[in-house]
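In: Sequence and predicted structure are below.
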Amino acid sequence: MSTETFEFQVEARQLLQLMIHSVYSNKDVFLRELVSNASDALDKLRLAKLRDDALDADVSDLHIELEIDRDARTLTVRDNGIGMSYDEVGELIGTIANSGTAQFLKELKEAQDAAGAEGLIGQFGVGFYSGFMVADEVTLVTRKAGEKQGTRWVSRGEGTYTLERVDDAPQGTSVVLHLKPADPDNQLHDYTSVWKIKEIVKRYSDFITWPIRLVGEQAAKDGKDAKGGEGGEGDDGGTAAPETLNSMKALWARPRDEVSEDEYHELYKHIGHDWREPLETIQLHAEGTFEYQALLFLPSHAPHDLYQQNMRHGLQLYVKRVFIMDDCEALLPAYLRFVKGVVDAQDLSLNVSREILQQDRHIRMMQRRLTKKVLSSVKSMLADAPEKYATFWREFGAVVKEGLVTDPDNRDALLAVASFASTREDDGTVTLAQYVERMPEDQDDIYYVTGESREAIVNSPHMEAFRERGIEVLLLTDPVDEVWVDAVGEFQGKRLRSVAKGEIDLDTREDDRSEDEQKQQAEAYAGLLGWMRERLDDDVKEVRLSTRLTRSPACLVADADDLTPALENMYRAMGQEVPRSKRVLELNPDHALVKGLNEAYGEREDRAELADTAELLYTLAVVAEGGRPKDPSRFVQLTADRLERTL
Ligand SMILES: Nc1ncnc2c1ncn2[C@@H]1O[C@H](COP(=O)(O)OP(=O)(O)OP(=O)(O)O)[C@@H](O)[C@H]1O
């Protein structure tokens, strides 16, 4: 058979280099990764056979084998699972499909220290490549279930790999690692040691639901040594039955006090494809007519693909201990798509499909229950483990808030755990309940401001009167914030109000201007305001005096039920037609520029010059809220012209 040589895709090559020069200090985990892949392959074969009994594959003794050959210095990880076709090997092993990988590699390069790199590496599909941490050559032989011919893949991890068709491949996949010399100073242990392999399996893969067997001469020999026998050269001991190294206990079915945190964490890493510890473990046993067990994990970091359509969900569905599917999106609402774990149901058909799940009444009940359980766990974190909660909310808050719009049934539970940056908090966040609690008695509404970043909004003109009066304002900077505040509307009877919308009437609070004075002022400005409205007719629907401003000359506000510019843009980005809504220009009657303009308006007949100033004032308001002037060069020209006159 001919052997073809191929080049790794660029990203794959970069990742391999990282593996070879090992950014990851704990090299033992390579075995966990290979066993994890083998276990997935067995799950897939069992399922494929279940769906198609005619599939030419033997599922009578599905298992994983580990074989040590000390003389050849090889360790083999073998499964009799689904296998891969010739093309699949090239696609799956030669390239990296994960779109976040480029981003990951960039970040990895930027991560100065090894700890940072270790943290990053766990998020990506580097599983198989981790073999190159301990081996200088890897050979993979595989045969896809139902196919006659197999494939051999060989690589030294240096840019190329070879592929060759083979006739005598057994069912499944075997990965032969040609081990590097042991180097204990760099945590590169001797992986031909039976003791070491047993230890690693016990630590990282005990819960794997398939038997992991130690086979071959070395196993028998060392096993005998351990029992006190002479062992030694020439004793082949090959007749001993293979030993199963893992307990295979489904962790989700065991009482919580019998399982250590470490064991849970290893399961999380297996199903979550994450090398880091989870933030929280949540267990649920539902008894009754529809029985199921769930073991859910909240990760400690948001994955890179959290906002991508094809994001890999981390929920696995089992039916009576049989793995049915990965990425089971029907079990939790989309706003909890980052939750990983296992749900094992007793009374579902093994043939259940995604389409059926979407409509199944029991699944919907399960989804409701699991959602409530996750939200109540977050609530407990908020109350009892504020730092954990802070991490959770920093990583996932923006996604969870989607639920405020899409899941009205759980809105109260979501509002109870949601928290927000605020003008009163430098780093931390405040919940709505806390906000209301510390609101002064004469304040009726909950105020918020939306925008791209804290820096961009905290000093916006709209905030001036609030700052002056010490009124707390929530700083909402996630795109979804614009949407949920409208959908939710109020909390504990208090309206949620944007500081940039509608007329803000802070006058019920002690005001420094009497009503008479206000009236006089209104009359004094009436002419200017009317004239400006006409001049700026293309952009604004009203020009009025402001109660918001203390330092800036002008700002733009929307009417209470108008869309904000950010929302308009969002709808347009989604392809919806929305008319551009004109806004209201508010002027600060205490600002010298506005006063001067009003006087000039009263005195001058020729208003051409004033019209330019009015336009400038409007554009300043646009710029102040982070917008772009409609005609930037004209704006610069007008400004430069006026600056020049001040010299
Ligand atoms: N033993 C195996 N049997 C069958 N297919 C395998 C085996 N090992 C790997 N594969 C295939 O190769 C793909 C890539 O494996 P790899 O370990 O690089 O990443 P992964 O398992 O998808 O992700 P992660 O590393 O995050 O677990 C797998 O998704 C699987 O389709």
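Out: Ah, there it is. Numbers count the residues shown, from 1 in each chain.
In: Show me which residues of the protein are close to the ligand?
Out: 36-38, 41, 79, 81-84, 92-93, 125-128, 173, 273 (Cβ under 6 Å from any ligand atom). C-beta here means a position set from N, CA and C on the backbone, and glycine is covered the same way.
In: Tell me which of those fall in strands.
Out: Secondary structure from DSSP state E places 79, 173 of these in strands.
In: Please list only the buried members of the residues of the chain next to the ligand.
Out: Buried members of those, counted by 16 or more other Cβ atoms under 10 Å: 36-38, 41, 79, 81-84, 92-93, 125-128, 173, 273.
In: got a list of what the nearest residue to A145 once chain neighbours are set aside touches?
Out: Closest residue in space to A145, ignoring its immediate chain neighbours: A57 at 4.0 Å, by Cβ to Cβ, 6 or more residues apart in numbering. A57 makes contacts with 45, 48-49, 145-146, 171, as judged by Cβ atoms under 8 Å, 6 or more residues apart in numbering.
In: again, but for E615
Out: E615 makes contacts with 535-536, 638, as judged by Cβ under 8 Å, 6+ apart.
In: so which of these comes closest to I356?
Out: For those, the closest approach to I356 (Cβ to Cβ) belongs to L536, at 58.8 Å.
In: How about the contacts made by the closest one?
Out: 543, 585, 614-615, 618.
In: do A72 as well
Out: Per Cβ under 8 Å, 6+ apart, neighbours of A72: H178.
In: Over to it. Which of the three states is it?
Out: coil (DSSP: H, G, I helix; E, B strand; the rest coil).
In: heads up, I number from 16, so please use that
Out: Yes, from this point I'll number from 16; that puts the last item at A87.
In: And it, how far from the ligand?
Out: To the ligand, A87 is 21 Å away according to Cβ to the nearest ligand atom, to the nearest Å.
In: Likewise for E592?
Out: In terms of Cβ to the nearest ligand atom, E592 sits 42 Å off from the ligand.
In: and that residue, how many neighbours does it have?
Out: 6 (other Cβ atoms under 10 Å).
In: Also Y586?
Out: Y586: 14 neighbours (other Cβ under 10 Å).
In: What is the neighbour count of T465?
Out: 21.
In: Equivalent analysis for S513, please.
Out: 22.
In: right, and it touches V500 too?
Out: Yes. Using Cβ atoms under 8 Å, S513 is in contact with V500, at 7.2 Å.
In: what's the overlap in contacts for these two?
Out: Common neighbours of S513 and V500 (Cβ under 8 Å, 6+ apart) are 463, 465.
In: Just among the contacts of A72, which is most surrounded?
Out: L60 (25 neighbours).
In: possible to save the contacts of A72 as TSV with pLDDT?
Out: Output for the contacts of A72, formatted as TSV (pLDDT from 0 to 100):
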residue	pLDDT
L60	96
A63	93
K64	93
A160	96
G161	95
Q186	96
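In: Closest to L90 out of these?
Out: Once Cβ to Cβ is applied, the member of these that ends up nearest L90 is Q186, at 20.6 Å.
In: Residue of the protein nearest the ligand, please.
Out: Of all residues in the chain, G142 sits closest to the ligand, at 2.4 Å by Cβ to the nearest ligand atom.
In: Okay, and which of the contacts of A72 map to helices?
Out: 60, 63-64 (DSSP state H).
In: ok, back up a step: could you pick out the buried ones from the contacts of L551?
Out: 558, 600, 629-630, 633.
In: Give the next helix or strand downstream of the helix or strand of the chain with the lowest mean pLDDT.
Out: In the chain, the helix or strand scored least confidently by mean pLDDT, DSSP states H and E is helix 129-136, which has a mean of 58. Note on helix 129-136: by DSSP states H and E, the next helix or strand toward the C-terminus is strand 150-158.
In: What are the buried residues along that following strand?
Out: Neighbour counts over strand 150-158 (16+ other Cβ under 10 Å) mark 150, 152-158 as buried.
In: Closest to S208 out of the residues you listed?
Out: A150 (15.4 Å).
In: any idea of the pLDDT on the nearest residue in space to the closest one that is not next to it in sequence?
Out: Using Cβ to Cβ, 6+ apart and skipping residues adjacent in sequence, the residue nearest A150 is L192, 3.8 Å away. On pLDDT, L192 comes in at 98.
In: Need the contact partners of the strand or helix carrying L192.
Out: If you go by DSSP H and E, L192 is part of strand 187-194. Residues from elsewhere that reach strand 187-194, judged by Cβ under 8 Å, 6+ apart: 45, 49, 52-53, 56, 60, 87-99, 143, 146, 149-158, 206-207.
In: What of stretch 602-617?
Out: Under Cβ under 8 Å, 6+ apart, the answer for stretch 602-617 is 536, 539-540, 542-544, 546, 558-561, 564-569, 622, 625, 628-629, 632.
In: what do you get if the cut-off is 10 Å, keeping everything else the same?
Out: The contact list for stretch 602-617 (Cβ atoms under 10 Å, 6 or more residues apart in numbering) reads 476, 479-480, 528, 533, 536-537, 539-540, 542-544, 546-547, 558-570, 622, 624-625, 628-629, 631-633, 635-636.
In: in that stretch, what's buried?
Out: 602-604, 606, 608-610, 612-613, 616.
In: what two of these are the furthest from one another?
Out: N603 and Y616, at 15.8 Å, using Cβ to Cβ across these.
In: what's near enough to touch D574?
Out: Counted by Cβ under 10 Å, 6+ apart, D574 has contacts 516-518, 556-557, 596-599.
In: which among those residues end up buried?
Out: 516, 597-599.
In: from these, which two are the most distant?
Out: The most distant members of those, if one measures by Cβ to Cβ, are K516 and K597, lying 13.9 Å apart.
In: Please identify every residue contacting each of the two.
Out: Common contact partners of K516 and K597 (Cβ under 10 Å, 6+ apart): 573-574, 577.
In: Now go through the residues you listed and say which are in helices.
Out: Per DSSP H, the shared contacts of K516 and K597 never map to helices.
In: So which of those residues is the closest to K121?
Out: Nearest to K121 among the shared contacts of K516 and K597, with distances taken as Cβ to Cβ, is A573, at 38.6 Å.
In: Now that closest one. Nearest residue, chain neighbours left out?
Out: The spatially closest residue to A573, leaving aside those adjacent along the chain, is K516, at 4.8 Å (Cβ to Cβ, 6+ apart).
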